[in-house]
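>>> attaching a predicted model along with its sequence, questions to come.
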Amino acid sequence: MAVDAAIKHSVSGSEIQSAFDIFAPMDEQLNPQKPKSLNREKGKAGEKMAVEYLLAKGYTIERLNWKGNGYEIDIIAKHNQTIVFVEVKARGGTFFGWPEKAVNKAKQQHISKAADHFIDLFKIENEIRFDIISIVTNRLQNEIYHIEDAFVP
């Protein structure tokens with residue numbers, strides 16, 4: 001599903017500055033030698049925004065950063081009776097493309113394998129879905145794109 005068809009949520013006010021403080025300015029993004037800890041901080045900040053967004057939309061959060069089968073799922077949530085496996089991608093701009101484009105076939109397969117393990121381990125019989133939350137932040141605002149049913153493994 002294209003970003004155009006995704007649900008878009010803009011964040012403003014004090015959330016902008018706090019999120020921007022975490023995401024590096026564009027010139028820092030151009031430096032390929034960024035420390036991994038900076039990327040982890042950005043990822044955690046993006047996951048926090050995604051959790052807040054999902055909670056506001058009526059989702060319940062079942063697990064965060066669940067590891068299984070050697071892979072990780074950022075967020076496992078429940079909406080109505082559907083179990084939703086959510087991959088979060090955040091960037092400080094779109095110079096290198098939209099964040100959700102980083103969820104390529106290989107990443108989708110990793111998420112799917114972890115989801116299969118989760119389903120088997122916890123005997124899940126609910127409907128399932130794979131979503132992507134794509135976050136782009138800049139000095140003006142943060143944009144959250146929720147792409148429901150982003151892929152089918």
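Nice, thanks for sending it over. Residues are numbered from 1 along each chain as shown.
>>> the residue of the chain positioned farthest from its centre and residue 67, how far apart?
Centroid-distance maximum for the chain: residue 123 at 24.7 Å, with Cα atoms, centre = their mean. Computed as Cβ to Cβ, to the nearest Å, the residue 123 to residue 67 distance reads 19 Å. For the C-beta atoms, the positions are set from N, CA and C on the backbone; glycine is no exception.
>>> residues contacting the helix or strand containing residue 109, please?
Using DSSP states H and E, residue 109 sits in helix 105-121. Helix 105-121 is contacted by residues 63, 66-73, 76, 83, 85, 87, 103, 124, 128, 130, 151, 153 when judged by Cβ atoms under 8 Å, 6 or more residues apart in numbering.
>>> please redo it, this time with the cut-off set to 6 Å
For helix 105-121, the external contacting residues (Cβ atoms under 6 Å, 6 or more residues apart in numbering) are 68-69, 71, 73, 85, 87, 151, 153.
>>> in it, what counts as buried?
The neighbour-count check on helix 105-121 (16 or more other Cβ atoms under 10 Å) flags 108, 110-115, 117-119 as buried.
>>> so what's the residue most central in space within the chain scoring on pLDDT?
Centroid-nearest residue in the chain: residue 88, 1.0 Å away (criterion: Cα atoms, centre = their mean). We have a pLDDT of 96 for residue 88.
>>> same deal with the one 3 residues further on?
Predicted confidence (pLDDT) for residue 91: 87.
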